[in-house]
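any chance you could fold what I've pasted below:
(4 chains)
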There are 4 protein chains.
Amino acid sequence: MYDIGRNKRAEKAFGLDDVAIVPTRRSRDIDDVDLTWRIDAVSLDFPLIAAPMDSVMSPETVIEVGQLGGLGVLNLEGLWTRYENPMPVFDELAQLRDPLSAIRRMQQVYSAPIKPELIDARLAQIREAGVPFAGSLSPARVRDHADRVVKAGVDFLVIRGTTVSAQHVSTTSNALDLKEFIHTLDVPVIVGGCANYNTALHLMRAGAAGILVGFGGGARRATRNVLGIEVPMATAISDAAAARGDYLDESGGRYVAVIADGSIARSGDIAKSLACGADAAMVGVPFARATEAPGQGYHWGPEAWHPTLSRGLRDHFDTIATLEEILIGPSSSADGSMNLVGALRRTLASVGYTDVKSFQKAELILV
Amino acid sequence: MYDIGRNKRAEKAFGLDDVAIVPTRRSRDIDDVDLTWRIDAVSLDFPLIAAPMDSVMSPETVIEVGQLGGLGVLNLEGLWTRYENPMPVFDELAQLRDPLSAIRRMQQVYSAPIKPELIDARLAQIREAGVPFAGSLSPARVRDHADRVVKAGVDFLVIRGTTVSAQHVSTTSNALDLKEFIHTLDVPVIVGGCANYNTALHLMRAGAAGILVGFGGGARRATRNVLGIEVPMATAISDAAAARGDYLDESGGRYVAVIADGSIARSGDIAKSLACGADAAMVGVPFARATEAPGQGYHWGPEAWHPTLSRGLRDHFDTIATLEEILIGPSSSADGSMNLVGALRRTLASVGYTDVKSFQKAELILV
Amino acid sequence: MYDIGRNKRAEKAFGLDDVAIVPTRRSRDIDDVDLTWRIDAVSLDFPLIAAPMDSVMSPETVIEVGQLGGLGVLNLEGLWTRYENPMPVFDELAQLRDPLSAIRRMQQVYSAPIKPELIDARLAQIREAGVPFAGSLSPARVRDHADRVVKAGVDFLVIRGTTVSAQHVSTTSNALDLKEFIHTLDVPVIVGGCANYNTALHLMRAGAAGILVGFGGGARRATRNVLGIEVPMATAISDAAAARGDYLDESGGRYVAVIADGSIARSGDIAKSLACGADAAMVGVPFARATEAPGQGYHWGPEAWHPTLSRGLRDHFDTIATLEEILIGPSSSADGSMNLVGALRRTLASVGYTDVKSFQKAELILV
Amino acid sequence: MYDIGRNKRAEKAFGLDDVAIVPTRRSRDIDDVDLTWRIDAVSLDFPLIAAPMDSVMSPETVIEVGQLGGLGVLNLEGLWTRYENPMPVFDELAQLRDPLSAIRRMQQVYSAPIKPELIDARLAQIREAGVPFAGSLSPARVRDHADRVVKAGVDFLVIRGTTVSAQHVSTTSNALDLKEFIHTLDVPVIVGGCANYNTALHLMRAGAAGILVGFGGGARRATRNVLGIEVPMATAISDAAAARGDYLDESGGRYVAVIADGSIARSGDIAKSLACGADAAMVGVPFARATEAPGQGYHWGPEAWHPTLSRGLRDHFDTIATLEEILIGPSSSADGSMNLVGALRRTLASVGYTDVKSFQKAELILV
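As a prediction, the model looks like this:
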């Protein structure tokens, strides 16, 4: 604890950039590394989830991520469920270079209503491909569409908001009782973002199969500027991992996945988030560089087009490779933007681990 | 305390950029957040005061801020009280792009004498609009014009200098006895800037209704370069808030408003300053981006045109939106420059508070 | 130790940029400084080894470094042993300005097989010049070619990988038993990179004449981005120097050279690495600026052209001077890129030391 | 003390950028501030010494600084004593924009021999103006020319090297015995740079009237890159000020001036250096911006043209004002480059001091 002044104290919190993994005395063969990740009944080849952001996840890319061995999530409140054919909208947005104009136009196009039948159609299209997949809804709307999503056969329902607290107090609306809601659902739920030990524990007690750790998704910088709120990820993940352990104990063995969600732009960030205690990472930025990305080089989350308070940037990235190259290589770029899975495998081997669970104990330093 | 060397020790002080607000276990409905702020007899819709800087506050914009629910302050030693029609001066300054030439010209145009009758006229114009308003004078000149200002019906007299100390010692001039002076006035006084606990306490004891915390207004960077003086705001606000508590106790219940004044450029900074303990924030930069700003994209305070020692920059900003959009939205920009009030409301809701007074207890971290 | 979160603690580690050498009460004549360095049977005029990177070390530049009094090392798995005449390959690569295209082409040209007879030819060419020299192989391939290298009459065999651990565990391959391997060889071995006390001690116990300290060679930044692994050099060198002392004691007097390898771009970095406890430094970047450098201004290590996971940048530097000027001056550039030896001599004199061994005790500060 | 690694510990040292002056409870009238500074028999209007660097100090500018109330020092080993008419050399250097070419040409033009009769002529020219003045020689050459300099009637002999240690050990040359040398001289001596308590104390015991604190003059950044040596100024000044106090005690009342020399580019740095304990500051950069500066916008010290190891940059600055405006104002630039004296006066007044001696006790914070 540090004294900010005579009236206020604060703890130091750490981001992923503040920490690094260090080699220790042992290394392993890269071929001995097993990244397989199991959450609820689903087994995936590696612990990566593609973030439900319109700029990266279309029904096609959700399928492709699944075919490559990961888990894709479609945003069910985005352009794909508001427009029969959203491609002209994507094309138009890609033409708008001025950030202010682009956000204003996005606020308009996202004001089109969600068409429930499009939720059905998009999920059906993915389901036909026979890969694991998920759909995401916001806490505010999840009750409206959850049944429909479950019926569509998703493997997971993702409830993803900027922040989900342990206790939401409202005098006017009927707040979501998460525990009761999850209990009534027929699919496992992944829910977040949460940013501290207490909320993580609460979400686990509510019955989540996995929790998203982070605040503001990829919009960390904007969130800090607009709201003054910031959740350094290394600290948040470590706190959530502590909650996972305590809940495992109190529940007599229920293991809830901790999924890092936010500030994860490079393969090295994925490794760091796992070494901080995460079981998996939800990533968006790397996929925005794929030739298949609907955003065509632009990348944004739902924070960007909030109707009255935009608090997410629309970033621009160069398109560098296919989704496959980005996910499983080969990589020709030394900035951590390609071969995310190969890089993670290499990190584990270099510091002497063969699976993610034991790698969570890897030694970190402050840099 | 750190050892600088064998001869000197220093404490670590923190700026608003060093801290961040963290979500805790509770969140609230945004509609349950009440930002109403009461200072002396005046009630405002939100705790924001527009800084008395010529580049942002004209009689018209003071009125507009008041109509939108805030408090505008007119600088009574600026162009509006030196020139019958200052618009050509603003136009000329907006043409000067070279900083050195611009400051030199400002030193000339600000050497025109203050016309007391213009003080009357400007304040009368605002008063007619029927909104709360204030006028500001410097410590050096406040005695010359205070009666006139009070007579004009302002809600507050703002005495604003680069710094106001608890004790000003002079061998040649007759220093202002603040306590005696405030006692004789018929309007509540807001006075500053102050930068430490002792001075804050002194200003409260002198009878101020509110104190401005900060040094150099928005000219922090320049002040550091020119004078070597710097007052990191998070620490200064926290210290002043401690003084407020102690004075509340010693005075048997007089609550003096702590108003953060300086380094507040983005909506997130406003939230942080309140979380450090401020009751309200005085802001200039955000309004410099308004289409109505007299500065036409340029922004400066009185430090800039000091006749012999310029120590404030003339900054340039893009004009992005109307004063209304900047103050109460909607916002299409994720950099904290628009919808200041909506952003503050959102921050409180996100971390579980419904009013500013309780939000002052929000948890901070060092980032 | 700092708390990252409830689940994880970390120590603070320091890079060379975090530390600086401070003058103390004594200074020495620059002519009294003796930089002579002895490792095994070889005596060198100064403690600098040119890194086995294709962009800087050709047979010709290995010879030139040797003639100037240092030690050059040829990469025996690079272009010189894959191509009879590699110059057209260097020329082609120098034409490719786009980083992605350059790395892709490098992945292709480095996929050509190593021709054992070229190992013989290149080393024979250097040996004729009669200067001390070394050849480097990777841990994976050292068994395939070591005999050939020893027979060629090198002074040292360098085994250089991104990381060499104290214990490599493999279920599929037959891991190298370093101790046994070194024991069978007829030349002294320099091996690394290692990044911590335990591994340094293990490599010393395995019989190394010198150990390379660092991770990722010059590819530190890329390694952090791609793998999340980072080894701040000041800490790594100090830990290895502690291992050297402990091993000296346990072995009854065997002194193993600690050679800093990585992040050493300027002459000041060389001085700092020695002051942290290194006996010598392996450097690449400075030589990339030489008119004789095969890379023609571009600089890369083997991490760059890894076939599936590039994790080293191809940097670009201006060609500024001859190899001789860069190594022993005179220098006309105040950025630490020229007269590396003269600068080191000057540093020792300025802070009062006449030889490297005593300079290892120089006082450091954190800056 | 921090652990760098298992083998090395280091203290944290602070530069002027790490500290700031904070207002306390008192302020003073600016007209009550008295900056008069007395060193030995000379009284100056303010505690500023112009650095003996060719780019800023010509005989004419030394005179001008003296007439404005400060102390100018002519470098007696620079162009003014090597060339009858150095102006064409300055003109030629001002035409060379490429840094490498410029340094190479400087190494040539500074290889011209020093003409002792020019030392006489330059000093005589200044003396005629009747202002306080000084000439500087390097430790290596001070014995060759000191008599001549004393005879010319300087107020001070400045012996200025990159570093002067408490004890210089040489096996080949006859090192300068500073104490004996100063004892034989008929003028007070200012000597440095020194960088720690012990050396400061030694120089005081040797009989110096003033000591220069710093290493590498203005060439701090280059010195760090080239030599790895760095002396953060806040710590160095504080340590020297502690030595001043201890020496005052042990000598029974001899007060030796501590003069900050290095890293002082803005008026705020001057204030900070005094608040750290200095009695005066030697500055170069601000004068490089004067219309009268011989360097014509370029600025360099003797480190730049070292014949074999350049370790000082040739910086470029815009010419912004006359020497008078830079020194005593008025200032139209808020970056600390003009009205150095007025800014210092303002700082003292703002934080409640009326003279430099008491201002040395001003409160600092770490920022």
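
C-alpha from now on. contacts and neighbour counts both.
Fine.

near chain C, which residues of the stretch 201-350 of chain A are found?
Residues of the stretch 201-350 of chain A lying close to chain C by C-alpha under 8 Å from any C-alpha of the partner chain are A:234-239, A:241-242, A:266-272, A:276-277, A:329-339, A:342-344, A:346-347, A:350.

which residues of the stretch 1-150 of chain A lie near chain B?
A:4-15, A:99-100, A:103-104, A:107.

recalculate using a threshold of 7 Å.
Applying C-alpha under 7 Å from any C-alpha of the partner chain, we find that the stretch 1-150 of chain A lies next to chain B at A:4-8, A:10-14, A:100, A:103-104.

pull the most distant pair out of those.
The most widely separated members of the residues of the stretch 1-150 of chain A next to chain B, counting by C-alpha to C-alpha, are A:R6 and A:R104 (43.2 Å).

the two: which is more packed in?
For A:R6 versus A:R104, neighbours defined as other C-alpha atoms under 10 Å in any protein chain shown are more numerous around A:R104 (19 against 16).

ok, now how distant is the more buried one from B:D239?
From A:R104 across to B:D239, the span is 41 Å (C-alpha to C-alpha, to the nearest Å).

so what's A:P307 closest to, chain neighbours aside?
Ranked by C-alpha to C-alpha, 6 or more residues apart in numbering or on different chains and with sequence neighbours excluded, the top spatial neighbour of A:P307 is A:Q107, at 5.4 Å.

show me what the host helix or strand of the one you found is packed up against.
Per DSSP states H and E: A:Q107 is located in helix A:99-109. Applying 3 or more C-alpha pairs under 7 Å, 6 or more residues apart in numbering or on different chains; DSSP states H and E, we find helix A:99-109 packed against no helix or strand.

what's in contact with that helix?
The contact list for helix A:99-109, computed with C-alpha atoms under 7 Å, 6 or more residues apart in numbering or on different chains, reads A:93, A:96, A:304-307, B:332-333.

quick one: which of those residues is nearest C:R289?
Set against C:R289, the nearest of these by C-alpha to C-alpha is A:L96 (42.6 Å).

and stretch A:234-244, what's buried?
Under the neighbour-count criterion of 16 or more other C-alpha atoms under 10 Å in any protein chain shown, stretch A:234-244 has A:234-244 buried.

contacts for the lowest-mean-pLDDT helix or strand in chain A?
Sorting the helices and strands of chain A by mean pLDDT, DSSP states H and E puts strand A:167-169 at the bottom, at a mean of 81. Strand A:167-169 is contacted by residues A:175, B:25-29 when judged by C-alpha under 7 Å, 6+ apart.

repeat that for stretch A:243-256.
For stretch A:243-256, contacts defined as C-alpha under 7 Å, 6+ apart pick out A:197, A:200-201, A:204, A:208-210.

what segments of the stretch 201-350 of chain A are strands?
Per DSSP state E, counting those that start in this stretch, the stretch 201-350 of chain A carries strands over the ranges A:210-213, A:257-261, A:280-283, A:298-299, A:315-316.

can I get the ones you listed in a markdown table with distance to chain B, mean neighbour count and mean pLDDT?
Below are the strands of the stretch 201-350 of chain A laid out as a markdown table (distance: least, C-alpha to the nearest C-alpha, whole Å; neighbours: other C-alpha atoms under 10 Å in any protein chain shown; pLDDT from 0 to 100):
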| stretch | distance to chain B | mean neighbour count | mean pLDDT |
| --- | --- | --- | --- |
| strand A:210-213 | 12 | 30 | 97 |
| strand A:257-261 | 16 | 28 | 97 |
| strand A:280-283 | 20 | 26 | 97 |
| strand A:298-299 | 14 | 25 | 96 |
| strand A:315-316 | 11 | 16 | 94 |
